[in-house]
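>>> the sequence and its predicted three-dimensional model are supplied below.
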Amino acid sequence: GREGRGMIVNVVSSVARHAVPEFGAYTASKCAMEGLSKVMAKEARKKGVKVVAVYPGGTDTNIREARRPEYMRAESAAKMIMAAIEAPEDVVCHEIVFRPMVEEQF
């Protein structure tokens, strides 16, 4: 078979690393994504495809009712994800974890 190239980026969440009250369904779905990412990383590499699981911490988005300006901006999270995507060709970043400086749940 022909070798491919590419990258799959799965945005998990830091909630997959620690429990957050009242986020049960969200946490369960992100833990499922974490497990899928691990399997995909092993399967896809055989075809030259990189898989990275991204674990952003608190990001000021509309997932919450109230704004959280002390959390990182979505643009900041995007820059971190791009850093993993733009890794040298001979490197694979399987996981990237980042959070805003104010976050203490880690």
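The structure has been received and is ready for your questions.

>>> Ser37 touches Val12, doesn't it?
Yes - using Cβ atoms under 8 Å, Ser37 is in contact with Val12, at 6.7 Å. Yep, even glycine has a C-beta here, placed from its N, CA and C like the rest.

>>> ok, these two, which is more surrounded?
Between Ser37 and Val12, Val12 has the larger neighbour count (other Cβ atoms under 10 Å), namely 24 against 21.

>>> okay, that one: pLDDT?
Here the pLDDT value assigned to Val12 is 97.

>>> try the one 4 residues further on
Model confidence at Ala16, expressed as pLDDT, equals 94.

>>> with Gln105 instead?
79.

>>> for Ile85, which non-adjacent residue is closest in space?
Nearest residue to Ile85, sequence neighbours excluded (Cβ to Cβ, 6 or more residues apart in numbering): Met7, at 6.0 Å.

>>> next one: Ala87
Nearest non-adjacent residue to Ala87, counting by Cβ to Cβ, 6+ apart: Cys93, 5.1 Å away.

>>> show me what contacts that neighbour?
Neighbouring residues of Cys93 by Cβ atoms under 8 Å, 6 or more residues apart in numbering: Lys50, Val52, Ala84, Ala87.

>>> name the SS class of it, please.
coil (DSSP: H, G, I helix; E, B strand; the rest coil).

>>> distance check, it against Glu34.
Taking Cβ to Cβ, to the nearest Å as the measure, Cys93 falls 15 Å from Glu34.

>>> now do Ile63
Distance, Ile63 to Glu34, by Cβ to Cβ: 18 Å.

>>> repeat that for Met72.
Applying Cβ to Cβ, the value for Met72 to Glu34 is 20 Å.

>>> settle it for me: which of the two has more neighbours?
Neighbours were counted for Met72 and for Glu34 using other Cβ under 10 Å; Met72 has more, 22 against 17.

>>> mind listing what the strand ranked longest in the chain pairs with, with the direction of each?
For the chain, the longest strand by residue count, based on DSSP state E, is strand 49-56. Strand 49-56 pairs in its sheet with strand 6-11 (parallel), strand 95-98 (parallel), by DSSP bridges.
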